[in-house]
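K.L.:
give the three-dimensional model of this entry:
(chains A, B, C and D)
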There are 2 protein chains.
Amino acid sequence: MSTRILVVEDDAAIASMIDLVLRTNDYETVLCGRGDQAVAAFHDSNPDLILLDIMLPGRNGFEVAKEIRTESDVPIVMLTAKTETEDIIRGLENSGADDYITKPCPPRVLLARIRARLRVHDQHPIEIGDIVLDLKGHKVLRNGEEIQLTPTEFELLKHLALNPGTVFNRERLLRDVWKYRHAADTRLVNVHVQRLRSKIERDPEHPEIVLSVRGVGYKAGFPNT
Amino acid sequence: MSTRILVVEDDAAIASMIDLVLRTNDYETVLCGRGDQAVAAFHDSNPDLILLDIMLPGRNGFEVAKEIRTESDVPIVMLTAKTETEDIIRGLENSGADDYITKPCPPRVLLARIRARLRVHDQHPIEIGDIVLDLKGHKVLRNGEEIQLTPTEFELLKHLALNPGTVFNRERLLRDVWKYRHAADTRLVNVHVQRLRSKIERDPEHPEIVLSVRGVGYKAGFPNT
DNA sequence: GACCTCAGTTGCCAATTTGTTATCAAATCG
DNA sequence: CGATTTGATAACAAATTGGCAACTGAGGTC
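P.N.:
Coordinates of the predicted model:
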């Protein structure tokens, strides 16, 4: 049973690019080019996730998202053009969408966002860099080979990987991962990050999975995006 | 995913007026009438912003704000009666609140303040000129390529970009960005603006993003507007 | 008890960032 | 125009930060 994604996008070039990316990654796709057909397409296809453009013929993405939200909490990821006005971008807040992507965007980013959203609803493993995080099996794999992490290391990696690209400061990580109510010595985080890196990074001196943001904290990310 | 606001206010008339204003503007509201229940309400509702009265039965707003600050940096906007003593107004500065509103206040003002606060925590990137400011990922992009900024440079740019077109004098920037209580040598600002420009401006000699206003200060903006 | 592993603590070093100051250039104004 | 003010830039010293190694101690297992 493969994962099905409904893509609502009127620009045929972008739609077919997304379609290609998804299909080559074993997602089943359903395409829809009009806003006023999107809800029907949703009913017909019953997808696991919806990629929804905002500017659509017939009906805009906000309305579509709102209507779908009245009957389902399927993950909705909005597609926004980089040139979108602030009004529109701001409007995203109330649309019921779970995430947004500015298009065009690199396939890897697209896939990462989709996977991050899907994991809330199913138990698919998370890919980050060249490693795979299997939450269900509580395992970390590189090239199918298991990497042994301690519980703290696993939780830390999981927390970052579930929010790829988002920077967390050390206090926040102590609260979220360690469940500290009041921040202690934050160097504890440094040490665990360093230990985690020594296990999961191909070259721990040039991390690709857990990245430092000087003066702020750490994030999981793609170095070249 | 609509925006949820926790309203902590004991006066039922005011609470329901605020509730009405927020709901008609597509905010989700959670109401709480007692100070000693506010922290629990915060945990239950996990709001995007808190409107917090000071005079409350059970526990005052200052204490509530302080406790919440130990575990979250959710925006907190305090509500104060116009008749409040100066002591209390002064106390606001140390409570960890982000802003305060004197009640009653016109709905427009209430909404404007709320939006201004939410904006900082907004997940969406800010576009300014030809660069994109991603607050969540704490990075700055031009044509998808990352520009490395130091923490101070990032905060400075963020502050200007969140208020495009508004001119800030140097004293103000030292207070807002550097958190200096009393103005020091304002040439520090010049130096950082210059460093920022050398990284983000296409042609640092003819800035398009961070503009000088001679005799006053700096602003973010487009030279032709 | 001896031997593990893992979590947390601390000190040190190198690199980066920051604030200060001096100098230079540009704009303003009589 | 020349004087003065204001902003840009370069150079430097001080402070901060992140990575790392080494150590301690708690808890589990044989």
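
K.L.:
quick check: residues of chain A near DNA strand D?
P.N.:
A:187, A:190-191, A:193-194, A:197-198, A:204-205, A:207, A:212-217 (Cβ under 7 Å from any atom of the strand). Yep, even glycine has a C-beta here, placed from its N, CA and C like the rest.

K.L.:
buried ones only from those, please, as a PyMOL command.
P.N.:
Only the buried entries of those go into this PyMOL selection, using 16 or more other Cβ atoms under 10 Å in any protein chain shown:
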select buried, chain A and resi 193+197+207+213+217
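
K.L.:
and the two most separated of the residues of chain A next to DNA strand D?
P.N.:
Farthest apart among the residues of chain A next to DNA strand D by Cβ to Cβ are A:Ser198 and A:Gly215. That separation is 23.2 Å.

K.L.:
which one of the residues of chain A next to DNA strand D is nearest DNA strand D?
P.N.:
A:Ser212 (3.5 Å; Cβ to the nearest atom of the strand).

K.L.:
doesn't that closest one fall inside a strand?
P.N.:
Yes. Applying DSSP: H, G, I helix; E, B strand; the rest coil, one finds A:Ser212 inside a strand.

K.L.:
thought it was touching A:Tyr218?
P.N.:
Yes. Contact criterion Cβ atoms under 8 Å: A:Ser212 and A:Tyr218 qualify, at 5.9 Å.

K.L.:
shared neighbours, the two?
P.N.:
A:Val193 (Cβ atoms under 8 Å, 6 or more residues apart in numbering or on different chains).

K.L.:
for A:Leu51, give me its contacts.
P.N.:
A:Leu51 touches A:5-9, A:18, A:77, A:79, A:101, A:114, counting by Cβ under 8 Å, 6+ apart.

K.L.:
the closest residue to A:Ile209 other than its chain neighbours: neighbouring residues, count only.
P.N.:
Leaving aside its chain neighbours, A:Ile209 sits nearest to A:Gly129 (4.3 Å; criterion: Cβ to Cβ, 6 or more residues apart in numbering or on different chains). Neighbours of A:Gly129 under the rule other Cβ atoms under 10 Å in any protein chain shown: 20.

K.L.:
over to the one 10 residues further on?
P.N.:
For A:Lys139, the neighbour count with other Cβ under 10 Å is 15.

K.L.:
next one, pLDDT for it please.
P.N.:
The score at A:Lys139 is 85. That number is its pLDDT.

K.L.:
list the contacts for it?
P.N.:
A:Lys139 sits in contact with A:Glu146, where contact means Cβ under 8 Å, 6+ apart.

K.L.:
which outside residues touch the helix or strand hosting A:Ile5?
P.N.:
Per DSSP states H and E, A:Ile5 falls inside strand A:3-8. With contacts defined as Cβ under 8 Å, 6+ apart, strand A:3-8 is touched by A:15, A:18-19, A:22, A:26-33, A:35, A:38, A:41-42, A:45-53, A:56, A:61, A:64, A:114, A:118, A:122, A:124.

K.L.:
of these, buried ones?
P.N.:
Among those, the ones that count as buried (16+ other Cβ under 10 Å) are A:15, A:18-19, A:22, A:27, A:29-33, A:35, A:38, A:41-42, A:45, A:47-53, A:56, A:61, A:64, A:114, A:118.

K.L.:
what's the spacing between the residue nearest to A:Ile209 and chain B?
P.N.:
According to Cβ to the nearest Cβ, to the nearest Å, A:Gly129 stands 16 Å off from chain B.

K.L.:
same thing with A:Pro164?
P.N.:
9 Å.

K.L.:
surely that residue is within a strand?
P.N.:
No. If the criterion is three-state DSSP, then A:Pro164 is coil and not within a strand.

K.L.:
ok, it touching A:Ala116?
P.N.:
Yes. A:Pro164 is within contact range of A:Ala116, at 6.2 Å (criterion: Cβ under 8 Å).

K.L.:
most neighbours, which of the contacts of A:Leu51?
P.N.:
With neighbours taken as other Cβ under 10 Å, the top of the contacts of A:Leu51 is A:Val8, carrying 29 neighbours.

K.L.:
relative to A:Ser2, how far out is it?
P.N.:
Per Cβ to Cβ, to the nearest Å, A:Val8 is found 19 Å from A:Ser2.

K.L.:
what of A:Asp19?
P.N.:
From A:Asp19 to A:Ser2 the distance is 14 Å (Cβ to Cβ).

K.L.:
then A:Val77?
P.N.:
Distance from A:Val77 to A:Ser2, by Cβ to Cβ: 18 Å.

K.L.:
re earlier: of the residues of chain A next to DNA strand D, which belong to helices?
P.N.:
Using DSSP state H, the subset of the residues of chain A next to DNA strand D located in helices is A:187, A:190-191, A:193-194, A:197-198.

K.L.:
and the pLDDT for the residue nearest to A:Ile209?
P.N.:
At A:Gly129, pLDDT is 81.

K.L.:
brilliant, that's me finished.
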